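Asks: predicted structure and sequence below. I'll ask about it afterward.
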Amino acid sequence: MNTKSLNKKVSLIVSALVISASLAACGKQKPVEVPKESGTKIEDKAMTEKIQKESIVSGSKVYIQDKTIIATMVIKKEAKKEDIEKVANQYAQELKKKYNNLQGDYAGMTINVQAVQSGKNVANILIEK
């Protein structure tokens, strides 16, 4: 085997490993940064989009403001109470996991998941650490 052929094979293997590593990293959702200034909102676009895909949700937004991670959901009129509670609890737990169980940079924060249906608050999940 000549040097040119060996270099080509090594380059291909390294390229494949780099691509694999970058794809694996892209698949994992990362928490957003903690806002540095009081009153500033930083949206968690990945989680907003994930909640938006739920069949009972017509609108959503997830963001960090001050010391609170907030998820708001506008629920479709025909959705059942038990489905609303299930989805709200599911995302409260997902946010807790995503934001390191409110440890590290997120220590002292609160998670608040709210669901509104026909102008009324139908679910309000609060996780404090």
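Replies: Perfect, thanks for sending it.
Asks: would you mind giving the secondary structure of the residue nearest to the spatial centre of the chain?
Replies: For the chain, the residue nearest the mean C-alpha position is Met47 (3.3 Å; Cα atoms, centre = their mean). At Met47, secondary structure determined by DSSP: H, G, I helix; E, B strand; the rest coil is helix.
Asks: my guess is it meets Ala92, correct?
Replies: No: assessed by Cβ atoms under 8 Å, Met47 is found out of contact with Ala92, at 11.5 Å. Heads up, the C-betas are built off the backbone N, CA and C, glycines and all.
Asks: give me the common contacts of these two.
Replies: Listed as contacting both Met47 and Ala92 by Cβ atoms under 8 Å, 6 or more residues apart in numbering are Ala71.
Asks: mind listing what the closest residue to Ser38 other than its chain neighbours touches?
Replies: In this structure, Ser38 finds its nearest non-sequential neighbour in Asp66, 5.9 Å apart by Cβ to Cβ, 6 or more residues apart in numbering. Asp66 makes contact with Pro35, Ser38, Gly39, according to Cβ under 8 Å, 6+ apart.
Asks: the first one contacts Lys41, correct?
Replies: Yes: counting by Cβ under 8 Å, a contact exists between Pro35 and Lys41, whose distance comes to 7.1 Å.
Asks: which residues are in contact with each of these two?
Replies: Ile64, Gln65.
Asks: specify which residue of these two has the higher count of neighbours.
Replies: Neighbours per residue (other Cβ atoms under 10 Å) separate Pro35 from Lys41, with Pro35 holding more: 15 against 11.
Asks: tell me the SS of that one?
Replies: Of the three states, Pro35 takes coil under three-state DSSP.
Asks: list the residues that contact it.
Replies: By Cβ under 8 Å, 6+ apart, the contact set of Pro35 is Lys41, Ile42, Ile64, Gln65, Asp66.
Asks: who's the fourth one bridged to?
Replies: On the basis of DSSP bridges, Gln65 takes part in beta bridges with Lys41, Thr68.
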